[in-house]
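Chemist: Can you look at this prediction? I've put the sequence above it.
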There are 2 protein chains.
Amino acid sequence: MDQDKAVAALAALAQDTRLSVFRLLVKAGPDGMIAGALAEAMDVPPSTMSHHLAKLEQAGLATSWRTSRLIHYAADYAGMQGLLGFLMADCCQGDPTLCAGLLSSIQCDIVSQGASA
Amino acid sequence: MDQDKAVAALAALAQDTRLSVFRLLVKAGPDGMIAGALAEAMDVPPSTMSHHLAKLEQAGLATSWRTSRLIHYAADYAGMQGLLGFLMADCCQGDPTLCAGLLSSIQCDIVSQGASA
DNA sequence: CCTATATTTTCACATCTATCGAAATATCAT
DNA sequence: ATGATATTTCGATAGATGTGAAAATATAGG
């Protein structure tokens, strides 16, 4: 994950519809969701959703595959991993104690278990 | 941190100069850096840098204060904390094991110490 | 082959964003 | 006060982005 890719990933998430779609996909898990269902869920025309999904995919935050006429989209965990790693690598190059406070606020189950939120 | 604030914070970081400035500020720590020094470091005119800094500040990712003629900018750790928390809260609503892999890749010292990267 | 369904691509347009010179504001020193 | 320094605000412009209708592509079923 270099700076350019990070900017692209952040730009992909920096839009209301796309951020919502991404969160939906993360919740949906590895099976993902059908393109049409996403368009309906977000209440936008198919072509608009297609543009957004393409941007998420180009940014490395989503993957897609076809089954018959349907196209599935799923969150790309490796991509999200790369982005968060890039952002958090930054946060500890200074004073590591700042990072401790940062992590303690994250509501992720596995973090709060490990780091005693 | 609601969706709108998350979009604003992501948009603030989704630009090459601003992402670099933010990373510089994170490295610089609580004392921050002078506006003019940031403009020089990024090789942009003062007015351009001023716009970028204003956007980072509005997004809750930087704070500023004046000492005589100089204006200091520092990273707002609470803001970054909010954004990462928002993004990572998502990542664990599905399968928590996905989150484990995600965290193990983060290069942050305190995480690798606690979670044995 | 023809039609229906699901999605993308093309194209156009309106809006938002980035950039930066010039003018304005704030502070300090003399 | 005047001039010098540091930064912001204003204003204009070029370029990027979001939107969605219409046409094109891909697949399935009769």
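Modeler: Perfect, I can see it now.
Chemist: use CA for all of it now, contacts and neighbours both
Modeler: Noted.
Chemist: is chain B contacted by the top helix by length along chain A?
Modeler: The residue-count maximum for a helix in chain A (DSSP state H) belongs to helix A:77-91. Yes. Judged by C-alpha under 8 Å from any C-alpha of the partner chain, helix A:77-91 comes into contact with chain B at A:Tyr77, A:Ala78, A:Met80, A:Gln81, A:Gly82, A:Leu84, A:Gly85, A:Phe86, A:Met88, A:Ala89, A:Asp90, A:Cys91.
Chemist: which residues in chain A form helices?
Modeler: A:3-13, A:16-28, A:35-42, A:46-58, A:77-91, A:96-104, A:109-115.
Chemist: With distance to B:Leu53, mean pLDDT and mean neighbour count added, can I get those helices in CSV?
Modeler: Shown next, in CSV, are those (distance: least, C-alpha to C-alpha, whole Å; pLDDT from 0 to 100; neighbours: other C-alpha atoms under 10 Å in any protein chain shown):
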stretch, distance to B:Leu53, mean pLDDT, mean neighbour count
helix A:3-13, 17, 98, 21
helix A:16-28, 23, 94, 20
helix A:35-42, 33, 98, 16
helix A:46-58, 27, 98, 17
helix A:77-91, 18, 82, 21
helix A:96-104, 22, 63, 17
helix A:109-115, 32, 40, 16
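Chemist: List the contacts of the closest residue to A:Leu13 other than its chain neighbours.
Modeler: Nearest non-adjacent residue to A:Leu13, counting by C-alpha to C-alpha, 6 or more residues apart in numbering or on different chains: A:Leu19, 4.9 Å away. Neighbouring residues of A:Leu19 by C-alpha atoms under 8 Å, 6 or more residues apart in numbering or on different chains: A:Ala12, A:Leu13, B:Val7.
Chemist: Give me the distance between A:Leu19 and B:Ala78.
Modeler: Between A:Leu19 and B:Ala78 the distance, using C-alpha to C-alpha, to the nearest Å, works out to 21 Å.
Chemist: Same check on A:Ala78?
Modeler: Taking C-alpha to C-alpha, one finds A:Ala78 at 26 Å from B:Ala78.
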